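In: Structure for this input, please:
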Amino acid sequence: MSILKIHYYGDPILEKPTSIVKNITANEIALVENMFETMYTVEGIGLAANQVGVNKRILVIDASRGQLKKERVALINPEIIFYSKETDCLKEGCLSFPDIEGAVERAISIVIRALNLNGDPIELEVKELLARIFQHEIDHLNGRMFIEKMNQIDRQMVDSKLKKLKKQTIAQLKEKK
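Out: Here you go, the predicted model:
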């Protein structure tokens with residue numbers, strides 16, 4: 001397994017919707033394992049493929065942070081087909097936004113349609129923390145970031161950090177060219 005490079009705010013890959021996975025091959029299975037390894041290494045609970053520079057609709061989630069094998073979830077081509085009307089507003093962070101947090105309003109319960117790693121269609125109903133994590137990661141796959149949904153006061157409080165991170169990321173991308 002390999003640790004993959006996390007892409008940070010300012011990298012254009014985070015702003016583009018990801019591509020549908022047409023075939024689940026050994027490459028996608030290996031990517032999922034590398035995404036889990038990367039997520040555990042950086043102490044995350046969710047990771048979308050575009051956060052590691054891969055333009056595919058794949059995400060991994062483990063709210064137990066690797067403590068419970070049964071909590072590992074990998075989805076291919078996930079889409080949310082139901083949002084509860086009931087919402088809550090809680091602080092979120094993101095691996096692509098180090099040291100930046102803010103309150104985001106999200107549905108408390110959702111239903112997701114996706115493929116599992118065997119290519120079988122599945123539907124998951126998830127609530128509370130898992131619903132929040134899935135919404136956050138699916139937003140990534142759609143080219144949306146949590147800062148776009150952050151409440152206005154929190155967004156203003158982190159604005160200077162966001163500008164600095166974006167500037168650093170753009171400078172690093174230019175150095176690589």
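
In: contacts, neighbours, all on C-alpha from now
Out: Fine.

In: residues in contact with Asn27?
Out: Residues counted as contacts of Asn27 (C-alpha atoms under 8 Å, 6 or more residues apart in numbering): none.

In: can you give me phi and psi for it?
Out: The phi/psi pair for Asn27 (degrees, to the nearest 10) reads phi -60, psi -40.

In: From the contact counts, what lies against whichever helix in the chain runs longest?
Out: Ranked by residue count, the top helix of the chain under DSSP state H comes out as helix 152-176. The contact analysis (3 or more C-alpha pairs under 8 Å, 6 or more residues apart in numbering; DSSP states H and E) places helix 152-176 against strand 97-107.

In: what's the angle between the strand it packs on and helix 152-176?
Out: Computed by axes from the mean of the first three to the mean of the last three C-alpha atoms, to 10 degrees, the angle separating strand 97-107 from helix 152-176 equals 130 degrees.

In: And for strand 97-107, what's in contact with it?
Out: Contacts for strand 97-107 (C-alpha under 8 Å, 6+ apart): 8-9, 83-94, 131-132, 135, 146-147, 149-151, 154-155, 158, 161-162, 165.

In: In that strand, which residues are buried?
Out: Across strand 97-107, burial judged by 16 or more other C-alpha atoms under 10 Å covers Phe97, Ile100, Glu101, Gly102, Ala103, Val104, Glu105, Arg106, Ala107.

In: what's the answer for stretch 129-144, then?
Out: Across stretch 129-144, burial judged by 16+ other C-alpha under 10 Å covers 130-144.

In: next one: stretch 5-14
Out: Within stretch 5-14, the residues that count as buried by 16+ other C-alpha under 10 Å are Ile6, His7, Tyr8, Tyr9, Gly10, Asp11, Ile13, Leu14.

In: Identify those among those residues that sit within strands.
Out: With DSSP state E as the criterion, strands contain none of the buried residues of stretch 5-14.

In: For those residues, work out which two are farthest apart.
Out: Longest distance between any two of the buried residues of stretch 5-14 is 12.2 Å, between Ile6 and Gly10; criterion C-alpha to C-alpha.

In: what's around the closest residue to Lys127 other than its chain neighbours, how many residues?
Out: The shortest distance from Lys127 to any non-neighbouring residue, by C-alpha to C-alpha, 6 or more residues apart in numbering, is to Ser109 (4.3 Å). Ser109 has 20 neighbouring residues, counting by other C-alpha atoms under 10 Å.

In: Can you pull the phi/psi pair for Ser109?
Out: Reported as degrees, to the nearest 10, the phi and psi values for Ser109 are phi -140, psi 140.
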